[in-house]
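# predicted model and sequence below, questions to follow.
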Amino acid sequence: MRLNLNYCIWSLVLTMAIFSCSEVKEKTEKPKPTAPKDTKADVYIVAPQTLSQDIEVAGSLLAAEEVELHPEISGRVTDVLFKEGGNVSQGSVLLKLYDADLQAQLQKLLVQLATAEQTAGRFAALLKINGVSQQEYDLNVLAVNNIKSDINIVRTNISKTSLRAPFSGKVGITPITKGAYVTPQTVITSLRRLSQLKLEFTVPEKYGQTMKNGNGVQFTVENNTTVFDAKIIATENTIAEDTRSLKVKALVKKKDSSMIAGGFIKVKIPLGKNDSALMIPTQAIIPRARGKEIVVLKNGKATMVPVITGYRGTTQVEIIEGIKSGDTVLLTGLLSIKQGNKVKINKIIKN
């Protein structure tokens with residue numbers, strides 16, 4: 001009986017040892033790698049096509065000339081000679097300041113001048129008969145000239161009491177009334193020449209080279225579908241650092257009643273026509289930290305190709321550098337595919 005018990009124990013130990021060894025063997029054996037399956041993807045065959053490049057940007061309408069009007073000197077307003085919102089002509093007096101003290105100085109100097117000129121005339125006659133010296137005569141002539149200079153100074157100061165329109169245009173609203181005291185820092189009103197309007201808009205930096213003086217642009221105004229024409233007259237000499245854009249001004253060719261200075265506009269800029277542009281669907285572009293890539297199928301394998309893009313539309317983007325006509329570009333499976341993976345064409349997408 002005891003022999004049978006020992007036999008059972010040894011049999012159990014041997015069985016457990018065999019099972020343990022087989023388990024370790026199973027764990028140490030590595031599964032054989034399976035061959036990767038070919039990736040199926042939709043593709044696009046690159047072919048030249050015509051590209052008419054236009055961009056649309058927002059802008060504003062401006063008066064051809066616009067200025068804030070300030071008095072040259074301080075003083076009390078004696079008369080406001082313009083109507084708010086009215087038209088004025090160049091040189092017309094818009095505002096008059098108190099000048100009675102200056103007018104009195106002018107009258108005094110005119111009387112002094114008349115007396116001095118009479119004295120100088122008598123001295124000139126005496127000089128011919130040697131009745132006075134040349135020095136005495138010269139001193140009288142100097143006195144006459146000094147008085148004339150003082151008269152010019154006073155007249156200049158009197159002219160500064162009148163605020164005149166620097167050009168013909170339409171004045172704005174003014175807070176100034178008769179009796180108000182104003183200084184050179186006081187804004188009397190604004191003046192705009194509305195017979196001619198300008199556009200002001202900005203374009204992205206990459207289009208800056210196409211913004212040349214004389215080039216035409218088209219624009220529309222709010223609540224009007226009519227397309228108007230303008231001609232570029234100036235561009236800023238630097239690119240704005242915060243927006244990476246270039247400021248452009250253009251002159252409106254024909255004014256319309258719907259155009260109001262300061263109004264919002266949409267500017268359409270033609271950038272030319274390219275009959276051999278290489279365009280691909282936008283979904284084929286893979287953004288990278290230092291540029292952009294696409295996946296091109298070469299000899300049945302995926303090849304990562306860096307590209308430089310140009311004009312971008314709603315569904316397609318222009319490739320300036322990186323591909324050629326006839327290349328096969330992958331459109332699907334771009335996130336999982338790797339360099340050198342075998343690819344089977346699932347469907348060819350046509351333009």
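Yep, that arrived.
# now do residue 140, the pLDDT please.
Note for residue 140: predicted pLDDT of 92.
# typo on my end, it should be residue 16
Reported pLDDT for residue 16: 61.
# check residue 312 too.
pLDDT at residue 312 comes out at 80.
# that one bridge partners, please.
residue 317 (DSSP bridges).
# so it makes contact with residue 279?
No: counting by C-beta atoms under 8 Å, residue 312 stays clear of residue 279, with 9.9 Å between them. C-beta here means a position set from N, CA and C on the backbone, and glycine is covered the same way.
# overlap in contacts of these two?
Residues touching both residue 312 and residue 279 (C-beta atoms under 8 Å, 6 or more residues apart in numbering) are residue 318.
# who's more crowded, those two?
Between residue 312 and residue 279, counting by other C-beta atoms under 10 Å, residue 279 is the more crowded of the two (23 against 12).
# helix, strand or coil for that one?
Put simply, residue 279 is strand when judged by DSSP: H, G, I helix; E, B strand; the rest coil.
# which one is it nearest to, not counting chain neighbours?
Residue nearest to residue 279 in three dimensions, not counting chain neighbours: residue 316, with 4.4 Å by C-beta to C-beta, 6 or more residues apart in numbering.
# neighbours around that neighbour, how many?
Residues near residue 316, counting by other C-beta under 10 Å: 19.
# for the one 4 residues further on, same thing?
The number of residues packed near residue 320 is 12, by other C-beta under 10 Å.
# give me the contacts around the host helix or strand of it.
For residue 320, the host element (DSSP states H and E) is strand 316-321. By C-beta under 8 Å, 6+ apart, the residues outside strand 316-321 that reach it are 46, 51, 274, 277-282, 285, 294, 307-312, 351.
# report the buried members of the residues you listed.
For these, a burial check counting by 16 or more other C-beta atoms under 10 Å picks out 46, 51, 274, 277-280, 285, 294, 307, 309-311.
# can you add distance to residue 114 and give the residues you listed back as JSON lines?
Shown next, in JSON lines, are those (distance: C-beta to C-beta, whole Å):
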{"residue": "46", "distance to residue 114": "94"}
{"residue": "51", "distance to residue 114": "82"}
{"residue": "274", "distance to residue 114": "81"}
{"residue": "277", "distance to residue 114": "84"}
{"residue": "278", "distance to residue 114": "89"}
{"residue": "279", "distance to residue 114": "87"}
{"residue": "280", "distance to residue 114": "91"}
{"residue": "285", "distance to residue 114": "89"}
{"residue": "294", "distance to residue 114": "93"}
{"residue": "307", "distance to residue 114": "89"}
{"residue": "309", "distance to residue 114": "83"}
{"residue": "310", "distance to residue 114": "80"}
{"residue": "311", "distance to residue 114": "79"}
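# ok, residue 285 touching residue 309?
Yes: under the criterion of C-beta under 8 Å, residue 285 makes contact with residue 309 at 7.0 Å.
# tell me, what's touching these two both at once?
Counting by C-beta under 8 Å, 6+ apart, the residues touching both residue 285 and residue 309 are 292, 317.
# in the longest strand seen in the chain, what counts as buried?
When the chain is parsed with DSSP state E, its longest strand is strand 48-69. Neighbour-count burial for strand 48-69, counted by 16+ other C-beta under 10 Å, picks out 51, 53, 57, 59, 61-66, 69.
# now that strand against strand 316-321, angle please.
100 degrees (axes from the mean of the first three to the mean of the last three C-alpha atoms, to 10 degrees).
# pop the domain breakdown of this structure in here.
According to automatic domain parsing, the chain comprises the domains 41-52+275-349, 55-64+196-273, 71-97+162-187, 99-160.
# no further queries at this time; thank you.
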